[in-house]
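>>> Sequence first, then the predicted structure, then my questions.
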Amino acid sequence: MADRTLRGTRIGATSLQGEEGVELSPRRPVEYLTDRGRRFAVMFDADAEPPAEWFDQRTGEIGFLDDEAGRAARAEFEEKETTQRTPWDMLIERRTREELEELLEERLQLLRARRGGS
């Protein structure tokens, strides 16, 4: 058996299926623009709605469409970046300051009762 060896290709190295008779779906390039002015294109299906923002794999920056949707997404992104909501902001949205003071007093009384203090 050692005198006969199987000759062939490595698994996964090459495909034995050809591209003959394969029809690709229509595609179109969509250009994005980064803050540094770099333009890059991403291929999408012709019928697909491209997202307003896309991550550039070469530079690691976020690119936005160079149209009205892209400008709106860029403004929203910059607004999120500058106005981060803190846990206190989220708490104030759910409860009034008077309710929070009342809850604090209740919790303090419970803690004092556990410790045996007055």
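Structure received. Numbering: from 1, shown residues only.
>>> Give me the helices and strands touching the least confident helix or strand in the chain by mean pLDDT, please.
Lowest by mean pLDDT, DSSP states H and E among the helices and strands of the chain is helix 68-82, with a mean of 77. With contacts defined as 3 or more CB pairs under 8 Å, 6 or more residues apart in numbering; DSSP states H and E, the packing partners of helix 68-82 are strand 53-55, strand 62-65. All C-beta atoms are positioned from the backbone trio N, CA, C, and that covers glycine.
>>> who's in contact with the shortest one?
Defining contact as CB atoms under 8 Å, 6 or more residues apart in numbering, one finds that strand 53-55 is touched by 32, 42, 61, 62, 63, 64, 65, 70, 73, 74, 77.
>>> How about the last one?
Residues lying outside strand 62-65 but in contact with it, judged by CB under 8 Å, 6+ apart, are 30-35, 38-40, 50, 52-56, 70-71, 73-74, 77.
>>> longest single helix anywhere in this protein?
The residue-count maximum for a helix in the chain (DSSP state H) belongs to helix 97-115.
>>> Any stretches of this structure with poor pLDDT?
1-16, 81-83, 117-118 (pLDDT under 70).
>>> care to break it down by domain?
Under the assignment automatic domain parsing, the domains of the chain span 26-84, 85-118.
>>> Mean neighbour count for those - can I get that in TSV?
Shown next, in TSV, are those (neighbours: other CB atoms under 10 Å):
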stretch	mean neighbour count
domain 26-84	13
domain 85-118	9
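>>> Throw those into CSV and include distance to residue 20, thanks.
CSV is the format used below for the domains of the chain (distance: least, CB to CB, whole Å):
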stretch, distance to residue 20
domain 26-84, 20
domain 85-118, 56
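>>> Any idea which of those domains gets closest to residue 17?
Each of those has some distance to residue 17 by CB to CB; the shortest is domain 26-84, at 20.8 Å.
>>> about what we covered before: and the least confident helix or strand of the chain, how far out from the chain middle?
Using CA atoms, centre = their mean, to the nearest Å, the distance from the centre of helix 68-82 to the centre of the chain it belongs to is 14 Å.
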